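Engineer: no letters, just coordinates:
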């Protein structure tokens, strides 16, 4: 059907109609009429006349059905002929899927009505009574209903390529205006249709003068023939329709498992599987929104905090943990801000933090707060980190080195590092929450950063941090004990001497060689 749709193009609907009408005239009518021969004891010439009568009547019915179908499925015809857009997709989907059962019922009624005149002709030729004519029409009605089931399954499968194409442009909140047949209804129609075909053929071929063994053999043979032809075709059509859609659902599930949240199950039949697909699409949309939310949260808070918020809720209980806190501040930033516009200051700070924050995260640190021209980072929360002091010192050294390289030594910053106990968790209220650190450790780190202005060093750390270092660098120099602002006791302070820009450049050149 995919290949036929590609080749027929704008005439696909007419091609499908010609196929089904041709099948009825070439196979169904001769086959049904042949079932009458054993009952009427018709000669070959009579059989040809009977077939001719039915084909004339049903050709007229086919022409009428074609006109009706083209009007009822005008939106589908327009789509196939090129009028394809999201605006026309809902009407085209209804026309391609939801309207098919109604058109099938209309076609069945028209075929039954057009079958009455040839049925009357056959019964008069065979000398049937009025009761015989009535029974004959009922017999034809059952056979035609079986053909209608076949035609419905055929068109449902044949229109699947178009329906899939239309479904790709349906709005997310699309709901069909018409009810379609459920899987249960299709199965309920399919089984009686198979039984009608089987019973009609077996009864016809069993009406003969053979003995009991011969009649049993013929009945068994006829049953097998019907089971491997008509019944098998109907069953395979239903099975293929079901399996193709289940494969589409399975494929969409596989894509989501691989992280593709754009996967969607198209609406192809309006039945229970479409309801499952709708639920699946809603689930994928929710997953996609969750991913976008986590990504957006990750821009404002650390990714680990965003993950905990999504899994534990908006309130993260405070935990007492040992961490290393890093304070960083740009020197003489007020002078720079006074000589620049607000937009220039924002761009400058954005570029600065775009350089610093990735380095902190690369060393498993959490940039907790941006404070104008400064930054507070923590190592060891919200995710526990072994050797957090080592990570913090390495991050601080690399940050200062990167700033020296980026700004050619013209931008000076001060960094203070201190280790100790803090309470890390959510604080706030009134609709405003923040993940923060509470404890004297934070205050000490801030005061150590302030002390860099007095000592002239770029990086200072406390005795508490130095004791936690597993491999203290050789460049650590004691700066004595200092009484930090707000502290009663003096705190031993150490500086980490960094190479000058010329030394950094020389080391980089040696490394390239």
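Structural biologist: Perfect, I can see it now. Every value quoted in this text rests on a predicted model; they were computed, and no experiment measured them. Numbers count the residues shown, from 1 in each chain.
Engineer: and the lengthiest strand in the chain, which strands flank it?
Structural biologist: Secondary structure assigned by DSSP state E gives strand 413-429 as the longest strand of the chain. When pairing is defined by DSSP bridges, strand 413-429 lines up against strand 319-330 (antiparallel), strand 432-438 (antiparallel), strand 459-462 (parallel).
Engineer: winner for burial among those?
Structural biologist: strand 459-462 (a mean of 27; mean count of other C-beta atoms under 10 Å). For the C-beta atoms, the positions are set from N, CA and C on the backbone; glycine is no exception.
Engineer: any idea how far that one is from the middle of the chain?
Structural biologist: 51 Å (C-alpha atoms, centre = their mean, to the nearest Å).
Engineer: and for stretch 338-350?
Structural biologist: The answer for stretch 338-350 is 42 Å, by C-alpha atoms, centre = their mean.
Engineer: any idea of the mean pLDDT for that stretch?
Structural biologist: For stretch 338-350, mean pLDDT is 86.
Engineer: could you do stretch 264-277 as well?
Structural biologist: On average, stretch 264-277 scores 71.
Engineer: same thing with stretch 28-38?
Structural biologist: 74.
Engineer: what number of residues lie near residue 92?
Structural biologist: 28 (other C-beta atoms under 10 Å).
Engineer: repeat for the one 3 residues further on
Structural biologist: The burial metric for residue 95, expressed as a neighbour count using other C-beta under 10 Å, is 25.
Engineer: surely it meets residue 73?
Structural biologist: Yes - counting by C-beta atoms under 8 Å, residue 73 is a contact partner of residue 95 at 4.7 Å.
Engineer: most remote residue from the middle of the protein, which is it?
Structural biologist: What lies farthest from the middle of the chain is residue 127; by C-alpha atoms, centre = their mean that is 64.9 Å.
Engineer: returning to what we had before: now render the strands paired with strand 413-429 as a markdown table, adding mean pLDDT.
Structural biologist: Below are those laid out as a markdown table (pLDDT from 0 to 100):
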| stretch | mean pLDDT |
| --- | --- |
| strand 319-330 | 91 |
| strand 432-438 | 68 |
| strand 459-462 | 94 |
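Engineer: so which of those strands gets nearest residue 288?
Structural biologist: strand 432-438 (24.9 Å; C-beta to C-beta).
Engineer: can you pull the phi/psi pair for the residue farthest from the centre of the chain?
Structural biologist: Per-residue torsions, residue 127: phi 70, psi 30 (degrees, to the nearest 10).
Engineer: can you pull the domain assignment for the chain?
Structural biologist: Here the domain parsing of the chain from automatic domain parsing is 1-172, 316-512.
Engineer: how far does the shortest one sit from the chain's center?
Structural biologist: Mean-position distance between domain 1-172 and its chain equals 37 Å (C-alpha atoms, centre = their mean).
Engineer: what's the closest non-adjacent residue to residue 90?
Structural biologist: The shortest distance from residue 90 to any non-neighbouring residue, by C-beta to C-beta, 6 or more residues apart in numbering, is to residue 174 (5.9 Å).
Engineer: wait, isn't that neighbour in contact with residue 92?
Structural biologist: No - the pair residue 174 / residue 92 is not scored as a contact, 11.4 Å apart, by C-beta under 8 Å.
Engineer: what about residue 279, how many neighbours?
Structural biologist: There are 11 residues near residue 279, going by other C-beta under 10 Å.
Engineer: go on, the one 10 residues further on?
Structural biologist: Residues within reach of residue 289, counting by other C-beta under 10 Å, total 11.
Engineer: using the three-state scheme, assign it.
Structural biologist: With DSSP: H, G, I helix; E, B strand; the rest coil as the basis, residue 289 sits in helix.
Engineer: need the pLDDT of it.
Structural biologist: 75.
Engineer: with residue 478 instead?
Structural biologist: 91.
Engineer: among the domains of the chain, which is nearest residue 273?
Structural biologist: Nearest of those (C-beta to C-beta): domain 1-172, 12.2 Å.
Engineer: can you give me the strands in this structure?
Structural biologist: So, for the chain - with DSSP E - the strands run 319-330, 366-371, 374-379, 413-429, 432-438, 459-462, 476-483, 490-496.
Engineer: ok, which of those comes nearest residue 135?
Structural biologist: It is, among the strands of the chain and with distance given as C-beta to C-beta, strand 432-438, at 80.4 Å.
Engineer: can you list the strands paired with strand 413-429 in TSV and add distance to residue 358?
Structural biologist: Output for these, formatted as TSV (distance: least, C-beta to C-beta, whole Å):
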stretch	distance to residue 358
strand 319-330	14
strand 432-438	20
strand 459-462	19
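Engineer: any idea which of these gets closest to residue 150?
Structural biologist: Of all the strands paired with strand 413-429, strand 432-438 comes closest under C-beta to C-beta, at 63.7 Å.
Engineer: run a quick neighbour tally on residue 282.
Structural biologist: Around residue 282 there are 11 residues (other C-beta under 10 Å).
Engineer: meant to ask about residue 364
Structural biologist: 17.
Engineer: and the gap between it and residue 328?
Structural biologist: The gap separating residue 364 from residue 328 is 17 Å, by C-beta to C-beta, to the nearest Å.
Engineer: residue 361 now?
Structural biologist: Taking C-beta to C-beta, one finds residue 361 at 14 Å from residue 328.
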